[in-house]
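Enquirer: let's see this in three dimensions:
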Amino acid sequence: MFLLINTAEQEKITAALIISSGRVFKQKTVQDSKAKSNQLLILIDKLLLANKIVAQKIKGIIVVTGPGAFSRLRTGVATANAMAFALKIPIVGVNLREADNLEKIIIAGMKKIAKGGDKIVEPFYGREPNITKKKA
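Expert: So this is what the prediction gives:
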């Protein structure tokens, strides 16, 4: 069982359980204009509990690395990295520019995991973060 995390898309946060063949086993999405990245851990917890799966059964994590909003990507990638570190499992990042839909994201992620995955993944914002006012 693999975990997919996507916080890159606007107004939507997705967590999905993927079986070894690359098919979606179960998926949960928060989809509204107020979907916040702080809902991610709750979403993952509900997904695992509803399917009676313990985190230790996860063999790898696929996370969408961007491009997207700074805070959303930062939260999604940090959560994925922390889970992969704690569970001692591989993690891979998939950029929306290389895979623009769920099926392609899963295929790209599973190929990368088959090659061993990474120890850490970094977000790709697509532009410089706009988090402070420019100095005069």
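Enquirer: where exactly do the strands run in this protein?
Expert: For the chain, the strands defined by DSSP state E cover 2-6, 12-18, 24-31, 60-66, 91-95.
Enquirer: can you tell me which of those is most buried?
Expert: With neighbours taken as mean count of other Cβ atoms under 10 Å, those reach their highest mean count in strand 60-66, at a mean of 26. Where you see a C-beta, it was placed from the backbone N, CA and C, and this is true even at glycine.
Enquirer: between that one and strand 91-95, what angle do the directions make?
Expert: 30 degrees (axes from the mean of the first three to the mean of the last three Cα atoms, to 10 degrees).
Enquirer: listing partners with orientation, what would you give for strand 60-66?
Expert: Strand 60-66 pairs in its sheet with strand 2-6 (parallel), strand 91-95 (parallel), by DSSP bridges.
Enquirer: do you know how far the residue sitting furthest away from the middle of the chain is from R97?
Expert: Within the chain, the residue lying farthest from the chain centre (Cα atoms, centre = their mean) is A136, at 37.3 Å. Going from A136 to R97 by Cβ to Cβ, to the nearest Å gives 35 Å.
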